[in-house]
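In: next input, structure requested:
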Amino acid sequence: MSLFVPTDGILNTYVTWDDLQESVFEAFGKDAKLGPKKAVKDAGKKNICSLLTLAESKADMGDLGAFASEEFVNSMEGYLKTIHNTEVRLYKVLKQHGTDIPLPKVYFSQEFTEENPLKGYIIMDYINDGETFHIIDNLTPELLLEPLKALAKLEAVSLKFNVEEHALFANNPTIAAFSQFFSKEMAHYGSPSTDMVRLLCSSLSGKDRRENWESLLEKFYSFLQKEIDGEEMPYTIDMLKRDYRSYFPLGAIMHVMVIGMMFQRVNTDADIVDKAKAMGVLTEKLGAILEDVCEVHKYNKENPIQLPN
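Out: Purely as a prediction, here's the structure:
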């Protein structure tokens, strides 16, 4: 059986009302019974979450080639399960550390496992007044300050993770098996510069990204300093900017593929009303990214990172 094969469960998934009822009992007690008028609907917005909903297409999709292969389907299924399990684990670890990162309240969660390969889900509060932004939307640099504060909070709490907690997100059985032999000093926790590249390339116009990337990194750094409250910073602001430049060519070029797919979607998606505006946003972002990938790569070659001996 596969996640991609529709069933008669909720929204054609393998999760049934009985599964959901048992989870509600565990979260709220035995008096919390789902009523006879219970209902469910797909709450996905802007073709993001809704793309994960199983649906039957009547259109002629032509020859899907490698995308229709069993190997591709299996790899995508594993990828989606990993994403879900990562979200479940993150909520649990953040709750244990008592952070004030803005999060919806989670009442119950179920991971995918070898024993439970088909029923992974989360019961949480529904936040209905949120607004979803896509890569066809340009935000102002000021609107990124709140996400940067949240990212700084997440970075700060991650510095408190023990090796076992980091292994939860590594998706590496070797790390999990030998985590007891790793010390904090030996562990590599990654760099937020990768998040910065993705956030800035997707959220800002090319012009705003070019003019504000350094000041936004400096803002993030100041937020992180406040969050760790006098503890030793894990890196300097110069190191953060260096890592941003180092990752930029690879991280930015990934957005080229996303933008390429979005051009077609803009033309076919009825929910996108102002297609000319969306095309203009994508064209400007794409042009700036392609130019900057070349420029930053050239800069990196001329200014290589000096690694310690």
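In: helices and strands of the protein: which one has the lowest mean pLDDT?
Out: The helix or strand of the chain with the lowest confidence, counting by mean pLDDT, DSSP states H and E, is helix 173-178 at a mean of 40.
In: now do the SS call for Ile123.
Out: At Ile123 the chain is in strand, as set by DSSP: H, G, I helix; E, B strand; the rest coil.
In: I'd like to know how far it sits from Phe248.
Out: 39 Å (Cβ to Cβ, to the nearest Å). Every C-beta, even on glycine, is put in place using the N, C-alpha and C of the backbone.
In: and Arg242, by the same measure?
Out: 11 Å.
In: now the helices for the stretch 1-150 of the chain?
Out: Per DSSP state H, counting those that start in this stretch, the stretch 1-150 of the chain carries helices over the ranges 17-28, 70-97, 145-158.
In: of those helices, which stretch is the most buried?
Out: helix 145-158 (a mean of 18; mean count of other Cβ atoms under 10 Å).
In: quick one, which of Arg242 and Phe248 is more surrounded?
Out: Comparing Arg242 with Phe248 by neighbour count (other Cβ atoms under 10 Å), the higher total belongs to Phe248, at 25 against 17.
In: apart from its neighbours in sequence, what residue is nearest the more buried one?
Out: Val296 (4.7 Å; Cβ to Cβ, 6 or more residues apart in numbering).
In: ok, now which ones touch that neighbour?
Out: Applying Cβ atoms under 8 Å, 6 or more residues apart in numbering to Val296 gives the contacts 245, 248-249, 252.
In: for the protein, what spans make up the strands?
Out: Along the chain, the stretches classed as strands by DSSP state E are 106-110, 121-124.
In: outside of stretch 221-239, which residues touch it?
Out: 148-149, 151-153, 155-156, 159, 189, 191, 217-218, 240, 243.
In: what's the end-to-end length of it?
Out: End-to-end distance for stretch 221-239, by Cα to Cα, to the nearest Å: 11 Å.
In: give me the mean pLDDT for it.
Out: Stretch 221-239 shows a mean pLDDT of 92.
In: same question, stretch 192-205
Out: 94.
In: go on, stretch 134-145?
Out: Here the average pLDDT along stretch 134-145 is 96.
In: contacts for that stretch next, please.
Out: 46, 48, 133, 199-200, 202-205, 208, 212, 215-216, 219, 255, 258-259, 262, 266, 272, 278, 281-282, 285.
In: and if you look at stretch 250-270?
Out: Counting by Cβ under 8 Å, 6+ apart, 47, 134-136, 194, 197-198, 201-202, 272, 275, 278-279, 282, 285-286, 289-290, 292-293, 296 sit against stretch 250-270.
In: among these, name the buried ones.
Out: Buried residues within these, counting neighbours by 16 or more other Cβ atoms under 10 Å: 134-136, 194, 197, 201-202, 272, 278-279, 282, 285-286, 289, 292-293, 296.
In: neighbours of the closest residue to Glu214 other than its chain neighbours, how many?
Out: Leaving aside its sequence neighbours, Glu214 sits nearest to Lys241 (Cβ to Cβ, 6+ apart; 6.6 Å). When neighbours are counted by other Cβ under 10 Å, Lys241 registers 17.
In: in helices, which of the contacts of Val296 fall?
Out: Among the contacts of Val296, the members falling in helices (DSSP state H) are 245, 248-249, 252.
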